[in-house]
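> with the input below, show me the fold.
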Amino acid sequence: MKLHIGRVVLAGLAGTAAMTALMLMSPLMGLPPMDIGRMLGSMMGGNIALGWVSHFMIGVVLAFAYALFFVSRIPGPGLARGAIYGLLPWLTAQVVVMPLMGAGFFSGSVVAAVGSLIGHLVYGGVIGAVYGVSDELALAPRHVHA
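Prediction:
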């Protein structure tokens, strides 16, 4: 399967934007605030803008991992494949990243961990839907008119 670099970048940015929008609305849904830009920025000398740029860069890098290693191994339509993939970055975040950032395993809270899970499922679903379009179009039967 050919890697579509532009579509990967678009998928990563779109997935990260969707996840970010959900995170910013989290207090409206009864979830704790999730300010990933501030959290990442705190590890970069307090530079919140750098934290947000890093957040989107991570989203694009994870979209490349999806396209390179998982898109052809997970069955189903793009949206479902991506959402299933979203479980991997979520689990990594909850078991490795959050403890390193001082939040504890599974964000130190079931509610925060579930909020993060929802965000990662949305992220994965969007990258799968955006990136999967090219693969699904390539597999669609082509009609030739005489």
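
> where's Ser108 relative to Thr20, distance?
For residue 108 the amino acid is Gly, not Ser. Taking CB to CB, to the nearest Å as the measure, Gly108 falls 21 Å from Thr20. To be clear about C-beta, it is placed using only N, CA and C from the backbone, and glycine gets the same treatment.

> which one of the two is surrounded by more residues?
Thr20 (20 against 13; other CB atoms under 10 Å).

> report the contact partners of that one.
Ile36, His55 (CB atoms under 8 Å, 6 or more residues apart in numbering).

> any idea which element it lies in?
Assessed by DSSP states H and E, Thr20 sits inside helix 5-24.

> now that helix: how far from the chain's centre is it?
Centroid separation for helix 5-24 versus its chain: 7 Å, with CA atoms, centre = their mean, to the nearest Å.

> what's the answer for stretch 102-116, then?
17 Å.

> contacting residues around it?
Against stretch 102-116 from outside (CB under 8 Å, 6+ apart): Met23, Ser26, Met29, Leu31, Pro32, Met34, Trp90, Ala93, Gln94, Val95, Met98, Pro99.

> what secondary structure does the residue nearest to the spatial centre of the chain sit in?
With distances taken as CA atoms, centre = their mean, the chain has Tyr123 as the residue nearest its mean C-alpha position (3.5 Å). Per DSSP: H, G, I helix; E, B strand; the rest coil, the local secondary structure of Tyr123 is helix.

> let me know whether it touches Ile58 as I believe.
No - at 10.3 Å, Tyr123 does not count as touching Ile58 under the criterion of CB atoms under 8 Å.
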